[in-house]
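A.B. asks: What follows is a protein structure lacking sequence information:
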């Protein structure tokens, strides 16, 4: 079974600086999706970024980018120019392309604190 | 506006009193799913539906029921809630299964 591990329960960063959140996963599959979701205090689960495993190029969305290392099974999220609105729980999630239920396998989350 | 809605957002109930949490999406998505979120455990899938009248169990289906009579709605039913079902519940939908869009969550407390 696939697992997703986020080893940093909490991270803090100074406003305007860069922070990287770690995620590792375990799978024997070659095709899958990886996601980062953000959960602010409002509890809404918001998609930040998505990576297809077959793509070598790292996904980027404005200030958010990933470092996808397929061989190492690592999928870190880099947030540049951190803003107060980035404060949230961040979850890494995995979706197998083999499972017909489209289930997302989730990490336990990393709480990101932004210091003004 | 494309969205997934859930109602109620907050619910406090007592053990054994049947309840339904509604979920509706306006994106014409075929796939819908229910998750529960508990501290330190991330999200766990309860039930999912690939299309109308097609539903199946996720990882933690015990104590829950669902139905999918129409494409846009996917209610979650707790026939006899118990305190261990106190949790934050999310409904999600997806067109092709690659990206799931989540509702705002329902905070359920069972006394």
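C.D. replies: That came through fine. Note that the coordinates shown come from a computational prediction; the quantities given were computed from them, not determined experimentally. Numbers count the residues shown, from 1 in each chain, chains lettered A, B, ... in the order given.

A.B. asks: residues from chain A in reach of chain B?
C.D. replies: Listed as neighbours of chain B in chain A under the rule CB under 8 Å from any CB of the partner chain: A:4, A:33, A:35, A:37, A:42-47, A:50, A:91, A:93, A:95, A:100-104, A:106-109. No exception for glycine: its C-beta is placed from N, CA and C like everyone else's.

A.B. asks: Can you select the buried ones among those residues for me in ChimeraX?
C.D. replies: To isolate the buried ones among the residues of chain A next to chain B in ChimeraX, judged by 16 or more other CB atoms under 10 Å in any protein chain shown, type:
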select /A:4,33,35,37,43,45,50,91,93,95,101,102,103,104,106,107,108,109
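
A.B. asks: Restricted to strands, list the residues of chain A next to chain B.
C.D. replies: Secondary structure assignment by DSSP state E places A:4, A:33, A:35, A:37, A:46-47, A:50, A:91, A:93, A:95, A:104, A:106 of the residues of chain A next to chain B in strands.

A.B. asks: Provide a list of residues in contact with residue B:89.
C.D. replies: The neighbours of residue B:89, taking CB atoms under 8 Å, 6 or more residues apart in numbering or on different chains as the test, are B:6, B:21, B:34-37, B:46, B:76, B:105-108.

A.B. asks: Geometrically speaking, which residue is the centre of chain B?
C.D. replies: What sits nearest the mean C-alpha location of chain B, by CA atoms, centre = their mean, is residue B:34, with 3.3 Å.

A.B. asks: sec struct for it, please.
C.D. replies: Secondary structure assignment for residue B:34 (DSSP: H, G, I helix; E, B strand; the rest coil): strand.

A.B. asks: Ok, residue A:16 next?
C.D. replies: Following three-state DSSP, we place residue A:16 in the coil state.
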